[in-house]
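Colleague: Fold the following and give me the result.
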Amino acid sequence: MKRGKRYVEAAKAVDRATLYDTAEAMALVKKTAVAKFDETIEAHIRTGCDGRHADQQIRGAVVLPHGTGKKVRVLVFAKNAKADEAVAAGAEYVGGEELIPKIQNEGWLDFDVVVATPDMMGVVGRLGRVLGPKGLMPNPKAGTVTMDVTKAVQDIKAGKIEYRLDKTNIIHVPIGKASFTEEQLADNFQTLMAAILKAKPSTLKGQYLKSVVVAPTMGPGVKLNTAKFVQ
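Modeller: Take a look at the predicted model:
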């Protein structure tokens, strides 16, 4: 794969053989984010889990202390008083049955997170084929199927992110923007890692964290020393 000049230059700052501690990694990842836009900094956590087994699935959510730096658009499926509550909490879109054809037939997907009250899951379930593959399906484990729509919307707006294993048993999540300070990135990263360590499946045999890498959207990855996290 041919890399651009900027990437090649930025990559020179990173020693591929070194496992960095959190503070060094955040300083490096900021230094290597050289694109002309405010790059997202992502964490890529390779686990020893086997997601094909239900008891080794990892899925949850955590509120990052400094948010993700991204404006998140929330769609809430709710009715009556709960719909009013969602509007008051700042959800961009609130509705029910009438949104189904708009999403299914018109391909409307101008939202980043979907929240639903439990009584609306019958309606939302019909959108499984559209929302599921995009990771937008509400889920009780992630706190997006709830009667407390105010808290759900406020947490999401405050920087709540969802983490889950992908098909290759890796977790990919944003931890902020290149414009964040090193301290903000480190705080967010450590909050995320604490949640992921807590989510370790009790049935897992062997190594939980195989590798942890942080990287800007367009830049090289920086490997972290996972021994620091596994106490």
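Colleague: Helix, strand or coil: sort out Ile41 for me.
Modeller: Taking DSSP: H, G, I helix; E, B strand; the rest coil as the rule, one finds Ile41 in the strand state.
Colleague: which element is the nearest residue to Arg126 once chain neighbours are set aside on?
Modeller: If you skip the residues right next to it in sequence, Arg126 has Ile100 as its closest partner in space, 6.1 Å away by CB to CB, 6 or more residues apart in numbering. Using the backbone N, CA and C atoms, a C-beta is placed for each residue, glycine as well. Element membership for Ile100, per DSSP states H and E: helix 99-104.
Colleague: Go through that helix and flag the buried ones.
Modeller: Of the residues in helix 99-104, those buried under the neighbour-count criterion (16 or more other CB atoms under 10 Å) are 99-100, 103.
Colleague: and if you look at stretch 184-197?
Modeller: Using 16+ other CB under 10 Å as the test for burial, stretch 184-197 gives 184-189, 191-193, 195-196.
Colleague: swap in stretch 78-93?
Modeller: Taking 16+ other CB under 10 Å as the basis for neighbour counts, the residues of stretch 78-93 that come out buried are 78-79, 82-83, 85-86, 89, 91-93.
Colleague: Which residue lies closest in space to Gly128, excluding its sequence neighbours?
Modeller: Distances taken as CB to CB, 6+ apart put Met137 closest to Gly128, at 6.3 Å, once the chain neighbours are dropped.
Colleague: you'd agree that neighbour is up against Leu131?
Modeller: Yes: using CB atoms under 8 Å, Met137 makes contact with Leu131 at a distance of 4.6 Å.
Colleague: Need the overlap of contacts for these two.
Modeller: In the contact map built from CB atoms under 8 Å, 6 or more residues apart in numbering, the residues linked to both Met137 and Leu131 are 114, 124.
Colleague: My read is that Gly176 contacts Asn188, right?
Modeller: Yes: because the distance of 5.2 Å satisfies CB under 8 Å, Gly176 is recorded as touching Asn188.
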